[in-house]
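In: I'll drop the sequence and a predicted model, then ask my questions.
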Amino acid sequence: TANIGGELAKSYFLRAETPMTESASAVVANKTVEAITGIVFAAAGVGLALSSLPLVERLRSGLIVAVFVVGSAVGLAFLLQRRRPIGRLLGFLGRLRIRIGALERRREAVDSMDAHLSGFYTTNRRRFLLCTLLHFGSWIMGVLEAYLIIRFMGQEVAFTTVFLLVALAFVVKAAFFFVP
């Protein structure tokens, strides 16, 4: 969907099957869980790199800072999503006398999306855990895929080396997400 509208397109395409408020909150929750598991995966890769590779101090520090900054941002997003963030933001802006007409007119839908999103984390814990485990499995399968491709190309490589490459690639991509 990235080529035809990104993550929001998923909700749009599902609108005939499920209300947009439910599908949009599901897409947001899924991307958040993907980011949480990604940062844990990357932190494991950075830990492995720090313990097994002779890295210069600047690179060691940069990796630690990158994982910390990205992890903090992901953690903050996760915590905010549990507390009805869109409705709270509208309330805060309203106290500042700033109105966003499009969202104010759809206040019921905004509240519904907030409820679905926070409910996923607080009342659907089994589904949250299953989603988390599936995403961890996805990260490991990505490493396995890269490992097998390299091996099929006739190159000898350790699985841990491929794990490092994939994990560090995630750190770099996450740290520079704003670069097109």
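Out: Here it is on my side, so go on. None of the values given here were measured: they were computed from a predicted structure.
In: list the buried residues in stretch 63-79.
Out: 63, 66-67, 70-71, 74 (16 or more other Cβ atoms under 10 Å). (Glycine included, C-beta is placed from N, CA and C.)
In: over to residue 67. Which of the three states is it?
Out: The three-state assignment at residue 67 reads helix, by DSSP: H, G, I helix; E, B strand; the rest coil.
In: that one against residue 41, yeah?
Out: No - applying Cβ atoms under 8 Å, one finds residue 67 not in contact with residue 41, separated by 10.5 Å.
In: so what's residue 83 closest to, chain neighbours aside?
Out: Nearest in space to residue 83, with sequence neighbours left out and distances taken as Cβ to Cβ, 6 or more residues apart in numbering, is residue 118 at 6.6 Å.
In: coming back round to it: ok, the buried residues of stretch 63-79 vs residue 110, which is closest?
Out: Distance to residue 110 across the buried residues of stretch 63-79 (Cβ to Cβ) is lowest for residue 74, with 22.9 Å.
In: residue 26: neighbour count?
Out: Residue 26 is flanked by 19 other residues according to other Cβ atoms under 10 Å.
In: on the three-state scheme, it is what?
Out: helix.
In: that one and residue 116 touch, don't they?
Out: Yes - contact criterion Cβ under 8 Å: residue 26 and residue 116 qualify, at 7.5 Å.
In: by mean pLDDT, which helix or strand of this structure comes out lowest?
Out: In the chain, no helix or strand scores lower on mean pLDDT, DSSP states H and E than helix 101-105, which sits at a mean of 70.
In: JSON lines for the buried residues of stretch 63-79, including pLDDT and distance to residue 167?
Out: Formatted as JSON lines, the buried residues of stretch 63-79 follow (pLDDT from 0 to 100; distance: Cβ to Cβ, whole Å):
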{"residue": "63", "pLDDT": "84", "distance to residue 167": "10"}
{"residue": "66", "pLDDT": "84", "distance to residue 167": "12"}
{"residue": "67", "pLDDT": "86", "distance to residue 167": "10"}
{"residue": "70", "pLDDT": "85", "distance to residue 167": "12"}
{"residue": "71", "pLDDT": "89", "distance to residue 167": "13"}
{"residue": "74", "pLDDT": "86", "distance to residue 167": "15"}
